[in-house]
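**Q** need coordinates for the below:
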Amino acid sequence: MLGWYGKSGGSPRCESPSPSSTIGPSDPGLDHELITNELITKEANDMTRMTRTLSLLLGAVVTAAALAAPGSGSAATLKTVNGTVGPGFTIGLTMQGKKVTRLKAGTAYRFVISDRSRIHDFHLSGPSFNRVLTGVEFTGTKRFLLRLKKGSYRFVCDPHSGSMRGGFLVA
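**A** Purely as a prediction, here's the structure:
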């Protein structure tokens, strides 16, 4: 049986177009539609460009404001305190390769604790602070952002507190 387009099977898009269905510039209705689509595409491209520009500008403003705010520090300016526990019976804190003996009160520090043994933990305590940063059975690295108060702090491996301990002052 023949379909409405004169052939059996397939869709009209797969068939060769007849001369009367050819789209040409002489059809004013289609010319207007094509021009409108071109304008819509141009406007969409303009909006995408404007959105991208505004996003970049907003990002720059936010970054500048964060850097200019008093007392704020970006992640790049944080001082890093490195703590290690294990693999032997050792525990310690260093900053830029030197043993930590004193830190500044109220300053944000990034503590990076590397626990290299399943038989140790890293426990830090001081004024209004008492936290096991890595537990027994944990091995790996953990990071903490800490702002310490004035006072004396100690770090210890709880299971081996008689020999694995240290301390520093915050002033």
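**Q** pLDDT weak spots in this protein?
**A** 1-47, 50, 53-76 (pLDDT under 70).
**Q** how is it partitioned into domains?
**A** Split into domains by automatic domain parsing, the chain comes to 29-68, 75-170.
**Q** go through those domains and pick out the most buried.
**A** With neighbours defined as mean count of other CB atoms under 10 Å, these peak in mean count at domain 75-170, which reaches a mean of 15. Placement of C-beta: from N, CA and C, glycine included.
**Q** where do the strands of the protein begin and end?
**A** Using DSSP state E, the strands found in the chain span residues 79-85, 91-95, 98-99, 102-103, 108-115, 122-126, 129-134, 140-147, 151-156, 165-170.
**Q** give me the contacts around the second one.
**A** Pointing back at strand 91-95 there. Applying CB atoms under 8 Å, 6 or more residues apart in numbering, the set of residues contacting strand 91-95 from outside is 79-85, 99-100, 120, 122, 155-157, 164-166, 168.
**Q** could you dump the strands of the chain to JSON lines with distance to Arg52?
**A** As requested, those are exported to JSON lines (distance: least, CB to CB, whole Å):
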{"stretch": "strand 79-85", "distance to Arg52": "35"}
{"stretch": "strand 91-95", "distance to Arg52": "41"}
{"stretch": "strand 98-99", "distance to Arg52": "46"}
{"stretch": "strand 102-103", "distance to Arg52": "43"}
{"stretch": "strand 108-115", "distance to Arg52": "33"}
{"stretch": "strand 122-126", "distance to Arg52": "45"}
{"stretch": "strand 129-134", "distance to Arg52": "42"}
{"stretch": "strand 140-147", "distance to Arg52": "32"}
{"stretch": "strand 151-156", "distance to Arg52": "48"}
{"stretch": "strand 165-170", "distance to Arg52": "46"}
